[in-house]
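Asker: Give me a 3D structure for the following:
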Amino acid sequence: MSGSTILKQFDFWIGIPQFSFSGPTTSVVGSMNQFYVNIVKSSGSSTTWSATPGCYEMYFYSPAMAEIIFTTVNSQHWVRADVSNVCGTTPYYYHFVDVDCWRPYPGCNCQGISWSPPPYPNPASDVFYINIDAEVIALAQSQLQTITDGKSLKSDLTFDIRLYDGQGNLLRQQTTKGGTLRFNVSSLPVGVYYLHIYNGVSSTPEIQQIMVER
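Answerer: Residues are numbered from 1 along each chain as shown. Modelled structure (predicted):
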């Protein structure tokens, strides 16, 4: 309208949030890491943070930032941010971190040795296997003797093998004192899964990533 005056102008965003994610791609066990979400477009958004199940401690979090300490060595640790508003949730974003060993952390095998056997075949379509052989058992026994100053407290160890999805849901679990385990994944959707391998000594698992493809 001719001669009209704009007194105030507001910009509104209608739709699910749009955001960018930043944080380190490398780290060491026991160190503090800061991860950030930069909300580009949204109104009244909130952020839900998560990370590799059982392998981190979150010390502080807000809609824009999370402080996380990783407790195990792994080249495929991940941090995830789900950003939501009244219109819905932006599809989650995985940020991968290569975590190495630098200083001792309770429950961490910080000798830099990955004792866990890889699952095979990987990718898998219907089944995959994992072999707890004599070498794997010997490494676990040596870790036990290190913890107990050379005194073995157990004659045998029970390995606990657990399969998780990316949301931290336990899908499969088996225990063994040695030998080859068979996991049936024919009913699982295609995607990335995480095998947590407990050796009966440490409360912190070694983690192997496995793909299900068809």
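Asker: residues in contact with Arg162?
Answerer: 170, 172-173, 195-196, 198, 205 (Cβ atoms under 8 Å, 6 or more residues apart in numbering). For glycine as for every other residue, the C-beta is placed from the backbone atoms N, C-alpha and C.
Asker: again but with Ser84, I slipped
Answerer: Contact analysis of Ser84 by Cβ under 8 Å, 6+ apart lists 16-17, 45-48, 90.
Asker: Okay, domains of the protein per the record?
Answerer: Listed by automatic domain parsing, the domain ranges of the chain are 18-100, 127-212.
Asker: any idea of the mean pLDDT in the longest one?
Answerer: Model confidence over domain 127-212, given as mean pLDDT, is 82.
Asker: Between the two ends of it, how far is it?
Answerer: Chord length of domain 127-212, first to last residue, is 9 Å (Cα to Cα, to the nearest Å).
Asker: tell me the centre residue of the chain?
Answerer: The structure's the chain has its C-alpha centroid closest to Thr52; by Cα atoms, centre = their mean the separation is 1.6 Å.
Asker: just to revisit the earlier point, CSV please, covering the domains of the chain and showing distance to Pro118.
Answerer: Formatted as CSV, the domains of the chain follow (distance: least, Cβ to Cβ, whole Å):
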stretch, distance to Pro118
domain 18-100, 12
domain 127-212, 6
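Asker: Would you map the helices across the chain?
Answerer: For the chain, the helices defined by DSSP state H occupy 134-147.
Asker: related to what we said a few turns ago, of the contacts of Arg162, which is the nearest to Asn74?
Answerer: The closest of the contacts of Arg162 to Asn74 turns out to be Pro205 (Cβ to Cβ; 9.8 Å).
Asker: Can you report how many residues lie near the closest residue to that closest one other than its chain neighbours?
Answerer: Spatial nearest neighbour of Pro205, excluding adjacent residues (Cβ to Cβ, 6 or more residues apart in numbering): His196 at 3.9 Å. When neighbours are counted by other Cβ atoms under 10 Å, His196 registers 22.
Asker: separation between His196 and Val212?
Answerer: As judged by Cβ to Cβ, to the nearest Å, His196 and Val212 stand 16 Å apart.
Asker: How about Val37?
Answerer: To Val212, Val37 is 29 Å away according to Cβ to Cβ.
Asker: Bridge partners for Gln34, pull those for me.
Answerer: Glu67 (DSSP bridges).
Asker: ok, it - contacts?
Answerer: 23-24, 65-67 are the contacts of Gln34 under Cβ under 8 Å, 6+ apart.
Asker: Redo those residues as TSV? Include neighbour count, distance to Tyr164 and pLDDT.
Answerer: Output for those, formatted as TSV (neighbours: other Cβ atoms under 10 Å; distance: Cβ to Cβ, whole Å; pLDDT from 0 to 100):
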residue	neighbour count	distance to Tyr164	pLDDT
Gly23	17	22	89
Pro24	15	23	88
Met65	16	26	87
Ala66	23	20	88
Glu67	15	23	86
